[in-house]
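>>> sequence? don't have it. structure:
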């Protein structure tokens, strides 16, 4: 079994050289649709199924859901920082350690699904309000020292949504094999 394919079922993210208005609109639509899609993927799953992993040493479905709530909240805050400060340095976090905390392992995923629904509503509202200048606002990631513009982050998080939906699909497909 190819671990890389299990880690990245839709492939690794590749930053587009230029993001067209149509591509940006598609990315925002993907982010907007994520709450209903993740709910559809997880609706009716038993506790046993929520504990399925998408790969050996990977996260469970419930950890993926809780991670998405955490990650997307962080991204929304980073957007607001970029829009209100001059090239802010964002605060990274150890997502693997967060996934091991009690709330990252909770069998009850409804609270995280509600967070995703709420944050995505606000995030999409914000993204759709941005003009060309605002889309080029940036923040610095201190670990990589890379500077990201908001249009790039929109592309990244569109991929992120689909990446984790594919993980959930994969975990369900393998039915607890890992």
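It's in. This one's a predicted model, so the numbers in the text were calculated from it and none came from an experiment.

>>> name the helices or strands packed onto the helix or strand bottoming out on mean pLDDT in the chain?
Of the helices and strands making up the chain, the lowest-confidence element is helix 3-7, at a mean of 95, by mean pLDDT, DSSP states H and E. Helix 3-7 sits against no helix or strand, with contacts defined as 3 or more Cβ pairs under 8 Å, 6 or more residues apart in numbering; DSSP states H and E. (Glycine included, C-beta is placed from N, CA and C.)

>>> and for the next helix or strand after it, what's in contact with it?
Using DSSP states H and E, the helix or strand that follows helix 3-7 in sequence is helix 21-42. For helix 21-42, the external contacting residues (Cβ atoms under 8 Å, 6 or more residues apart in numbering) are 16, 19, 50, 61, 65, 68, 109, 113, 116-117, 120-121, 123-124, 127-128, 135, 151, 154-155, 157-158, 161-162, 164-165, 168-169, 172.

>>> re earlier: just the buried positions in the least confident helix or strand of the chain, please.
Residues of helix 3-7 classed as buried: residue 6 (neighbour count, 16 or more other Cβ atoms under 10 Å).

>>> centre of the chain to it, how far?
With Cα atoms, centre = their mean, to the nearest Å as the basis, helix 3-7 stands 18 Å off its chain's centre.

>>> re earlier: looking at the contacts of helix 21-42, which are in helices?
50, 61, 65, 68, 113, 116-117, 120-121, 123-124, 127-128, 135, 151, 154-155, 157-158, 161-162, 164-165, 168-169, 172 (DSSP state H).

>>> so for stretch 76-92, what gets flagged as buried?
76, 78-79, 81-82, 88, 90.

>>> redo those residues as TSV? Include pLDDT.
Shown next, in TSV, are these (pLDDT from 0 to 100):
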residue	pLDDT
76	98
78	98
79	98
81	98
82	98
88	98
90	97
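
>>> helices - which of those residues land there?
Reading helices off those with DSSP H, I get 76, 78-79, 81-82.

>>> closest one to residue 143 out of those residues, please.
residue 78 (13.4 Å; Cβ to Cβ).

>>> what sits against the closest residue in space to the closest one that isn't next to it in sequence?
Leaving aside its chain neighbours, residue 78 sits nearest to residue 90 (4.9 Å; criterion: Cβ to Cβ, 6 or more residues apart in numbering). Shown in contact with residue 90 (Cβ under 8 Å, 6+ apart): 78, 81, 139-142.

>>> what's the burial count for residue 118?
Residue 118 is flanked by 14 other residues according to other Cβ atoms under 10 Å.
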